[in-house]
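1. I would like the atomic coordinates for the input below:
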Amino acid sequence: MRNGKMNSTKVFNIINVTLVTIVSIIILAPVLNILASSFASSKCLAEGDFIFFPKELTLDNYRAVLNDSSIWRAYLISVAKTVIGVVTHLLFCSMVAYGLSKRYLKFRKFYTVMGVITLFFSGGMIPTYLLIKKLGLLNNFLVYIIPQLFSYYDVVILMNFFRQVPPSLEESAQIDGAGVWTVFMRIVMPLSKPALATIALFNGVFQWNDFMTAKLYITDQNLYPVQMKLYDIIVQQQAASMNTIGNIALETTSKGIQLSTIVVTTVPILIIYPLLQKHFVSGMTLGAVKE
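-> The predicted model follows:
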């Protein structure tokens, strides 16, 4: 009986490892191809006879991208809007969630219903554009921050996590003279790192990859984030290729620049994700209060 269970466990593990390996290869293959192609010369890109190992390697594509001063400005805008956006989003959603997690809050059901409505309905693109225009946020850096302050989906996640914080922790702090703000910032927030890190990662990835906000509300190129700059580079290179019919070298060079730009814009997320992954651990409050 025991041998049968061991054999079934071994078969299950083998199947799991096989499936995970296949999925990993499917995910990694295109990424590695883009990375290899970004280092390939124009000749190799024109021939297209490689997948992961181009015959001729060059840094010309990266030199063309990194020597463009507008790329660095776009990087600065992306970093600023991501950092500021994540911090303000976490703070705003956390304050709302903390209030809604208290059953004694007046009109709590009304606030909850209003929040749920926002999960299913929105004003639409044109009314939203008119609202942004009325608020004076067109060609304004704050258009990256203010509309992204609130997400009721994130509020629900934080609200459920705050309910798991032992009430005795808050009560003991209040007995010692701590106010609501002190309890929230010094007790509740530090104990909620797993939830905060998860939301910070998701919102940070969204802020970094956000393209439509700049496309709809920004015409000043000095406020372009890196994703909009990438789009601008691709459009310009495609237009140049179409205007020069039959020039294979130009087409392959533009493709190399596009691929190298994609790699440059993806690297920060690949660096940040492992740093936040360690916080994806639940149960941080376990053992905080002894029975």
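
2. list the buried residues in stretch 262-281.
-> The neighbour-count check on stretch 262-281 (16 or more other CB atoms under 10 Å) flags 262-265, 268, 272 as buried. Backbone N, C-alpha and C define where each C-beta goes, glycine included.

3. just give me how far the longest helix along the chain sits from the chain centre.
-> Assignment by DSSP state H gives helix 2-38 as the longest helix of the chain. Centroid separation for helix 2-38 versus its chain: 26 Å, with CA atoms, centre = their mean, to the nearest Å.

4. in that helix, what counts as buried?
-> Judged by neighbour count (16+ other CB under 10 Å), helix 2-38 contains these buried residues: 35-38.

5. which one of those sits closest to residue 176?
-> Residue 176 has its nearest neighbour among the buried residues of helix 2-38 in residue 35, at 54.7 Å by CB to CB.

6. quick one, what contacts the closest one?
-> Residues counted as contacts of residue 35 (CB atoms under 8 Å, 6 or more residues apart in numbering) are residue 263.

7. what of the one 3 residues further on?
-> Residues in contact with residue 38 (CB under 8 Å, 6+ apart) are 61-62, 256, 259-260, 262-263.

8. nearest to residue 69 among those?
-> Proximity of those to residue 69 was ranked by CB to CB; the top entry is residue 62 with 15.0 Å.

9. look at that closest one and give its secondary structure.
-> In terms of secondary structure, residue 62 is helix; the call rests on DSSP: H, G, I helix; E, B strand; the rest coil.

10. going forward can the numbers begin at 25, since that is how I track them
-> Sure, I'll start counting at 25 from here, so that last one is residue 86.

11. give me the pLDDT value at residue 50.
-> Residue 50 is assigned 88 on the pLDDT scale.

12. and if you look at residue 236?
-> Confidence per residue is given as pLDDT, and for residue 236 that number is 90.

13. for residue 110, see how far away residue 226 is.
-> Using CB to CB, to the nearest Å, one obtains 10 Å as the distance from residue 226 to residue 110.

14. buried sites along whichever strand or helix holds residue 138?
-> When secondary structure is defined using DSSP states H and E, the element that contains residue 138 is helix 132-144. For helix 132-144, burial by neighbour count (16+ other CB under 10 Å) applies to 135-136, 139.

15. residue 201: neighbour count?
-> Burial of residue 201 is recorded as 7 neighbouring residues (other CB atoms under 10 Å).

16. okay then, goodbye and thanks.
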